[in-house]
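Trainee: Only the shape, not the letters, is given here:
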């Protein structure tokens, strides 16, 4: 069960999804040196706008894609605070792909192996830069998003290029908040 998986915050304190039960969660693997890093602004705006309705963004920094998250947990937290005023929880840096992926991401990709959004176009762009993109069920790149309902069931999975203000994703979040 997702709620039983141990997690660690960026400051080293233990956490779990059980501590976030009853909320609608958007779990995002993040990186501070990625072309998609400006999504932090939209994620913070979404978090602020919907927190009062029981919504929370959870950021999981990972250095799996192009070594775009090289910093320490403290450096990542500082970067997010200084550049994006991020107020949502930021967890300890850990892998989200391959054999060594953190248990949360193993469970998320198993629960919902396929993502929605522009994956083909994004894969072509990555390939054009000489990068080999991952296929489903693996996480494709930084800023892939998993939406988890109040019951801790995985509702939807969105491609990295799905912006925080994407109408399809916002509709899914609204449905989950109303449930």
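Mentor: Thanks, I have the structure now. Everything numeric in this text was worked out from a predicted model, so none of it was measured.
Trainee: Please count neighbours and contacts with C-alpha atoms only from this point.
Mentor: Fine.
Trainee: Show the subsequent helix or strand relative to the lowest-mean-pLDDT helix or strand in the chain.
Mentor: Using mean pLDDT, DSSP states H and E, helix 119-128 stands out as the lowest-scoring helix or strand of the chain, at a mean of 91. Next in sequence after helix 119-128, counting helices and strands by DSSP states H and E, comes strand 145-148.
Trainee: one step back: in the least confident helix or strand of the chain, what's buried?
Mentor: For helix 119-128, the neighbour count (16 or more other CA atoms under 10 Å) marks 119, 122-123 as buried.
Trainee: Can you list the neighbours in contact with that helix?
Mentor: Residues from elsewhere that reach helix 119-128 (CA atoms under 8 Å, 6 or more residues apart in numbering): 132-133, 159, 161.
Trainee: now, which of those sits nearest residue 82?
Mentor: residue 161 (23.5 Å; CA to CA).
Trainee: Phi first, then psi, for the closest one.
Mentor: With angles defined as degrees, to the nearest 10, residue 161 sits at phi -80, psi 0.
Trainee: Which residue, other than its chain neighbours, is closest to it?
Mentor: Using CA to CA, 6 or more residues apart in numbering and skipping the chain neighbours, the partner closest in space to residue 161 is residue 118 (6.7 Å).
Trainee: Do I have it right that that neighbour meets residue 163?
Mentor: No. Taking contacts as CA atoms under 8 Å, residue 118 lies outside contact range of residue 163: 10.8 Å.
Trainee: distance between the ends of stretch 12-24?
Mentor: 24 Å (CA to CA, to the nearest Å).
Trainee: list the buried ones in it?
Mentor: Buried-residue list, stretch 12-24, by 16+ other CA under 10 Å: 16-17, 20-21, 23-24.
Trainee: just the strands in the chain please.
Mentor: For the chain, the strands defined by DSSP state E occupy 6-8, 14-16, 24-30, 55-61, 145-148, 154-158.
Trainee: Touching, residue 30 and residue 64? I think so.
Mentor: No. Residue 30 is beyond contact range of residue 64, at 10.0 Å (criterion: CA under 8 Å).
Trainee: who's more crowded, these two?
Mentor: Using other CA atoms under 10 Å, the more surrounded residue of residue 30 and residue 64 is residue 30, with 28 against 20.
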